[in-house]
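Asks: whatever this is, show me its structure:
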Amino acid sequence: MRAPYSRNLFDLILEQAERYCDGLAVIDTATRTQATYRQLAERVQRVAGALREAGIRKGERIGMLTNNRIEWIEICIGAAALGAIPVPFSTWSKRREIDFLLADSRVRMLFALERFGDQDYAADIAELLERRTERYPLLQRAVFIGTDEYRNFVSAQAPPADLPPGERAGAQDTAFILYTSGSTAYPKAVPLAHGDTIENGFNIGERQGLQPGERVLLPLPLFWSYGSANAMCAAFTHGATLVLQARFEAAETLDIIERHACTLIYTMPALTTALVTHESFRPERTRSLRSAMTIGTPQDVSTVAEVLGAREVCNVYGQTESYGNCCVTWHHWPLERRKSVQGPPLPGVTLRIVNPEGGEPLPQGEVGAIEVKGKLTPGYDGASSEQNASAFTPDGFFRTGDLGRLTADGDVQFMARDSEMIKRAGINIAPPEIEEVLQQHPAVAAVGVAGAPDPNKGEIIVAFVVPAAGAKVTGEDLRAHCRVLAASYKTPDRIEFCTVLPLTTTGKLMRRELKRMAAAATEREKVS
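Replies: Predicted coordinates for the structure are as follows:
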């Protein structure tokens, strides 16, 4: 497909409004709002006019505290018309975290929901604004989405007149600043540029085989790069329809897939498991799915393809710093290949594997630290900018903190986070390798693996297993299963049964908590 000519998100929507006109751009399932590309262009122009009338200018920042809904998109893209910078905040944020985000982001305006779930944002913001002069001196106004206040703010303004040259966002200007959790106490602020956001999104859509009119379901948050830099941009650069779910709930997700005939879904292992194990799941309900995006073990990818039914599922690798994904498998590859690797780097991306200790490049096939260059954030913003010196190499590569290898075909194969590797008797073992083996046992519903300190072996392998409903299995049964399918040194030393695994709000395993649990389990054994 021909790539868009536009170099900022606002121009992209105007361009696609000409190309696809009455094609659906967005379906907001929560508010039952639909917008064609022409209507979306009108909406973002109205928001741009309102922001301009409110005094927002190029380079100024706009906070967004809202879930997946059409207003998120129109505020984000409308800001680009002025060269302003949207800064989405996580809807899981508590008052203390909102305080940090407002201070660190230096926003001039804030758009927020009054409530979301059990969070009373109106009360939180009212209390925080009492300290505005001291903590957020740039913040001038908060507007609540879904209220008459927001509707009046937008409808009272005309679309912006033609802006003077240079006032609209350029390719190198910041499209948005996304906050991502990591190894620090507070989330890191990651700026991403308009031009690279559009190009990377288009290249992701090409790997998916995305076509105009296809319906891309996003049950994961837009404030996450997987949603905004990936799903939104892949859909809009291809004239596809972005289907928004306010937040993931398995029964509703299945209803949305069936009702709107979604052809592609963005998912993760925990979400996939929730869908295929839900009491209302039946294969015919998801038969419209052609493809999906996911991360996880080969078994996770297989489940998406063969149980959920998204047969052309793409396996991916990336991080917020590399625009959500920097490696994606082609949708048409044999499933066995898509299961085992995360694909070659996207166009414009260079990836290398280096020795974690010395930093020298390693030969093809050897496991080492993954470093990425190309479509990359220019560096952290705010308080996290102090990490820039250590996060990037002198020659411009980003140190991902991940371990992996490159195959003979040039595909990346992710192994584990460097900090998650188990060093047992001098051998490095990636927890996902063992999790993949255990997941092939029919009695295992979910599993998480971590290392625990051991005076003789350095570390031992501890597996936490959630049994399938009604299944009866012993630890020795599972150890025997592992010995058949994997090298003996990958057999867990301990197997602990549990009802749930520790997961983040985005459905990822909390590896640090698993390590704590593993250490506690081995200590209990010593005491007993």
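
Asks: which non-adjacent residue is nearest G343?
Replies: Among residues not flanking G343 along the chain, T329 sits closest, at 3.7 Å (C-beta to C-beta, 6 or more residues apart in numbering). Every residue, glycine included, has its C-beta placed from N, CA and C.

Asks: how about the contacts made by the residue nearest to V341 when sequence neighbours are not counted?
Replies: Nearest non-adjacent residue to V341, counting by C-beta to C-beta, 6+ apart: D411, 3.8 Å away. By C-beta atoms under 8 Å, 6 or more residues apart in numbering, the contact set of D411 is 327, 329, 337, 341-344.

Asks: what residue is smack in the middle of the chain?
Replies: Nearest to the geometric centre of the chain sits Y226, at 3.0 Å (C-alpha atoms, centre = their mean).

Asks: next, give phi and psi for that residue.
Replies: Dihedral pair for Y226: phi -60, psi -30, per degrees, to the nearest 10.

Asks: for stretch 48-58, buried residues please.
Replies: Neighbour-count burial for stretch 48-58 flags 48-52, 56, 58 (criterion: 16 or more other C-beta atoms under 10 Å).

Asks: which SSE is immediately downstream of the least confident helix or strand in the chain by mean pLDDT?
Replies: Sorting the helices and strands of the chain by mean pLDDT, DSSP states H and E puts strand 427-429 at the bottom, at a mean of 74. Next helix or strand after strand 427-429 toward the C-terminus (DSSP states H and E): helix 431-439.

Asks: what's the first helix or strand after that following helix?
Replies: Counting by DSSP H and E, the next helix or strand C-terminal to helix 431-439 is strand 444-454.

Asks: in this structure the residue nearest to the centre of the chain contacts T267, no?
Replies: No: in this structure, Y226 is not within contact of T267 by C-beta atoms under 8 Å, at 9.9 Å.

Asks: overlap in contacts of these two?
Replies: Counting by C-beta under 8 Å, 6+ apart, the contacts common to Y226 and T267 are 220, 293.

Asks: quick check on L406: phi, psi?
Replies: According to degrees, to the nearest 10, L406 has phi -110, psi 130.

Asks: need the strands for the stretch 301-450 of the chain, in chain order.
Replies: For the stretch 301-450 of the chain, the strands defined by DSSP state E, counting those that start in this stretch cover 314-317, 327-328, 350-354, 368-373, 398-406, 412-417, 422-424, 427-429, 444-454.

Asks: got JSON lines for those, with distance to I98 and mean neighbour count too?
Replies: Below are the strands of the stretch 301-450 of the chain laid out as JSON lines (distance: least, C-beta to C-beta, whole Å; neighbours: other C-beta atoms under 10 Å):
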{"stretch": "strand 314-317", "distance to I98": "30", "mean neighbour count": "26"}
{"stretch": "strand 327-328", "distance to I98": "33", "mean neighbour count": "27"}
{"stretch": "strand 350-354", "distance to I98": "36", "mean neighbour count": "18"}
{"stretch": "strand 368-373", "distance to I98": "31", "mean neighbour count": "23"}
{"stretch": "strand 398-406", "distance to I98": "27", "mean neighbour count": "20"}
{"stretch": "strand 412-417", "distance to I98": "28", "mean neighbour count": "21"}
{"stretch": "strand 422-424", "distance to I98": "37", "mean neighbour count": "18"}
{"stretch": "strand 427-429", "distance to I98": "40", "mean neighbour count": "16"}
{"stretch": "strand 444-454", "distance to I98": "30", "mean neighbour count": "21"}
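
Asks: could you flag which of the contacts of D411 are buried?
Replies: 327, 329, 341-344.

Asks: relative to Q211, which of these is nearest.
Replies: T329 (18.0 Å; C-beta to C-beta).

Asks: same list (the contacts of D411) but as a markdown table, adding pLDDT and distance to G166.
Replies: Converted to a markdown table, these look like this (pLDDT from 0 to 100; distance: C-beta to C-beta, whole Å):
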| residue | pLDDT | distance to G166 |
| --- | --- | --- |
| C327 | 97 | 35 |
| T329 | 98 | 40 |
| R337 | 97 | 47 |
| V341 | 96 | 43 |
| Q342 | 97 | 39 |
| G343 | 96 | 38 |
| P344 | 97 | 37 |
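
Asks: would you point out the most distant pair within those residues?
Replies: C327 and R337 (13.2 Å).

Asks: so what's the residue count around T91?
Replies: As a burial measure, T91 scores 22 neighbours (other C-beta atoms under 10 Å).

Asks: shaky segments in the stretch 351-500 of the chain?
Replies: Counting by pLDDT under 70, the stretch 351-500 of the chain has low-confidence residues at 426.

Asks: could you do the chain as well?
Replies: Looking at the chain by pLDDT under 70, you get 158-162, 164-165, 181-185, 426, 505-506, 526-528.
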